[in-house]
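1. curious how this folds, go ahead:
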Amino acid sequence: MKLQRSWVMVATVLGLGVCAGGALGTTLRVVSYNIDCADQGSDNNITGATHSLPTVIQGIGLHHIGSNAQQVDALTVEELTSTTLANFVTQLNNTYGAGTYSYDTTPDPNSGGGPDGLIYNTHTVQVVSARALPLGQTVLLQSNGTYTMAHSPGGGVNGVVRAPLVYQLRPIGYGSSDDFYLYVSHARSTSDDSVGDARYAEAQEVRSDAKYNLPAGAHLIYAGDWNLFNGSGENAYKCLTGQTTSDGLNWSDSSAIWANSNPTQAYDPTSKTNPPTTTVWANVAGDNANYLYGDSTDSLTSRLDIQLVNGPMLGVYNSQGGVQLAPDTSDPFDTSNFPSAKYPYAFESVGNNGTTPRSGLVTNSSNHSLDDLTSTVPNAATVYADLLETGSGNTFTGSDHYPIVGDYNVVAALQLVSAVSRLTHAGVGDFDVSMPLSGTAGVEDRLSSTYNIVLTFSSSPITSGTAMVTTGTGVAGTPTFSGNTMTVPLTGISNAQTVTLTVSNVNGLLPSASVNLGFLIGDTTADGSVNAGDIGQTKSQSGNAVTAANFREDVNLDGSINAGDIGLVKSKSGTGLP
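-> Presented below is the predicted three-dimensional model:
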């Protein structure tokens, strides 16, 4: 069944086909999908009468992960024929409009099983670069640019038979600081030895490539069909996620096996922890974790396909922003709260949320993973049917694999954007003295035993952080938080000084930020000295109501401008900031 362009336009208006959480391009939907065309020697699942896989991609664009539904932005695919990418793009553009989707033409060398590739939304993503990694067993990159033999505890020497591809992608409208790298793999299948040496070699290849060929701090996704038949016990999974493998090698970023500590080890979004760690599964009934699985659509038994991310792709590890795995804080369309809905991140195996029994078909009547598509076009029943692999060769539809999808936000770095000194004037209210973050320090001229410094940050909510006075005399109290602000009470502030207030570990993301605060009682003109100008200014406001225009002249905070303020300013005449 085909989604008509008129419905796409309606879906966009309703917020069903675009990012519900922000403007187009703010969130990217990335899909990884083994589509089985090479094994079947046919693109019939794309070009046939049902257009089954294009319909699945349309359904993914309507499906909510958490509260967000949006069109697919990047689609990595495995097991392709020589015509698959062109045919797939043609079908998608028949629905979404000419030129909406394109594919990367970088060749993918392989010795069987078909190449991998990338289809992308030209309105939201651009391909900055693409390259294929080497084949064979000599694939472990060293810091000097040479390759050595991959470690092979089982004695296997088959190595990498389908070259991994690495794409440097950039969200449209953003700069190079928001680039991310997408590794696409189709690791060796059952022809590998019993301990998975060939898959392990491929993991070593992509980890070492990320270590030595990508810039420090690069944002990474390791995706594709890794054929992890032995589950999380596979050396390939352990290598990717920085664990110790069966040969005793420690693959963590800080291990001596590496010549740098660049963050390339992966974290698993299915771990149900925040921050994510790794997941344990064995592709057996004892897993009690059907929701993890992505293979196969006609007999749900295994998790072979992955999207793993490195530290910079997670806000909890990275304060500098860029593309990051989106949080999933609520699942309004998953009313039964199935296991996959409990992920703290926007990630899932599309069409499987744990309601399908082990060994069941995707079309099983108990499958409720796409309940939000009950009244869309295509609807849930159509998408389930098009996910299911049927037939063979020139008659086949669907695929034996489920697609894996994650939503990724383009995040601005958390920053301190403003600071004020806020004091209460009796019976009148609060007034703020601005404290610039750069240049000449602002001057607080009012007399108080406690000064409340309100710091505003670039995003909310702000829920944690510490503060201290790092230069000058004063004591920072315990901060309080509200929305995107942190309020720090300062006591013991000596007059006629500039204090530096430093906040640290804000939300676990911003390591530190500082602001200089001038304190000079009676400096109503904020010029750094108390003199006749300040006395005259205070006299000129005497008897007037305290307002936003003259609150600085209410130096003693009693809610009136009178002789008391004039006398206080006179008493400080001759003082100044150093």
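
2. pLDDT of stretch 219-238, averaged?
-> The average pLDDT within stretch 219-238 is 97.

3. same question for stretch 101-116.
-> Across stretch 101-116, pLDDT averages out at 94.

4. next, the distance between the ends of it.
-> 17 Å (CA to CA, to the nearest Å).

5. likewise stretch 373-392?
-> This stretch, stretch 373-392, spans 28 Å end to end (CA to CA).

6. likewise for stretch 535-555?
-> With CA to CA, one end of stretch 535-555 sits 11 Å from the other.

7. now that stretch, how far from the chain's geometric center?
-> Centroid displacement of stretch 535-555 relative to its chain, using CA atoms, centre = their mean, to the nearest Å, is 50 Å.

8. confidence score at Val411?
-> Model confidence at Val411, expressed as pLDDT, equals 88.

9. test my guess that it contacts Leu325.
-> No - between Val411 and Leu325 there is no contact under CB atoms under 8 Å: 10.0 Å. All C-beta spots, glycine's among them, are computed from the backbone N, C-alpha and C.

10. which of the two has more residues huddled nearby?
-> Neighbours were tallied for Val411 and for Leu325 using other CB atoms under 10 Å; the higher tally belongs to Leu325 (25 against 20).

11. look up how far Asp197 lies from Pro153.
-> Relative to Asp197, Pro153 is positioned 7 Å away (CB to CB, to the nearest Å).

12. name the residues contacting each of the two.
-> Common contact partners of Pro153 and Asp197 (CB atoms under 8 Å, 6 or more residues apart in numbering): Asn235.

13. so where is the chain shaky, pLDDT-wise?
-> Applying pLDDT under 70 to the chain flags the ranges 1-25.

14. domain map for it?
-> The chain breaks down into these domains under automatic domain parsing: 5-411, 416-571.

15. that older thread, neighbour-wise, which of Pro153 and Asp197 wins?
-> More crowded of Pro153 and Asp197, by other CB under 10 Å: Asp197, with 25 against 16.

16. that one reaches Val160, doesn't it?
-> No - contact between Asp197 and Val160 fails when scored by CB under 8 Å: they sit 10.7 Å apart.

17. where does the closest residue to Val280 other than its chain neighbours sit: helix, strand or coil?
-> Nearest residue to Val280, sequence neighbours excluded (CB to CB, 6 or more residues apart in numbering): Ser232, at 5.0 Å. Three-state call for Ser232 (DSSP: H, G, I helix; E, B strand; the rest coil): helix.

18. just use 26 as the starting number from now, easier for me
-> OK, 26 is where the count begins now, so the last one is Ser257.

19. host element of the closest residue to Leu462 other than its chain neighbours?
-> Excluding its sequence neighbours, the residue lying closest to Leu462 (CB to CB, 6+ apart) is Val540, at 5.6 Å. In this assignment (DSSP states H and E), Val540 forms part of strand 535-544.

20. same deal with Gly592?
-> Gly592 belongs to helix 588-596 when elements are defined using DSSP H and E.

21. returning to that earlier point: tell me if I'm right that the residue nearest to Val305 and Val309 touch.
-> No - between Ser257 and Val309 there is no contact under CB under 8 Å: 11.7 Å.

22. who's more crowded, these two?
-> Set side by side, Ser257 and Val309 show more neighbours around Ser257, with 19 against 12, by other CB under 10 Å.

23. next one: that one relative to Ser474, how far apart?
-> Counting by CB to CB - Ser257 and Ser474 are separated by 58 Å.

24. now swap in Asp203 and tell me
-> Distance, Asp203 to Ser474, by CB to CB: 46 Å.

25. ditto for Asn315
-> As judged by CB to CB, Asn315 and Ser474 stand 62 Å apart.

26. and the two? Which one has more around it.
-> Shown here are Asn315 and Ser474; by other CB under 10 Å, Asn315 has more neighbours (23 against 8).

27. the more buried one reaches Ser374, doesn't it?
-> No - if you go by CB under 8 Å, Asn315 and Ser374 don't touch, sitting 9.7 Å apart.

28. list the contacts of Ser485.
-> Neighbouring residues of Ser485 by CB under 8 Å, 6+ apart: 508-509.

29. mind running it again at 10 Å?
-> 506-510, 532 (CB atoms under 10 Å, 6 or more residues apart in numbering).

30. could you do Pro382 as well?
-> Pro382 makes contact with 315, 325, 389, 391-392, according to CB under 10 Å, 6+ apart.

31. repeat that with 7 Å
-> Residues near Pro382 by CB atoms under 7 Å, 6 or more residues apart in numbering: 389, 391.

32. that one is in what secondary structure piece?
-> Pro382 is part of no helix or strand, with elements assigned from DSSP H and E.

33. all helices for the stretch 126-275 of the chain, in order.
-> Taking DSSP state H, counting those that start in this stretch, the helices of the stretch 126-275 of the chain run over residues 222-238, 260-265.
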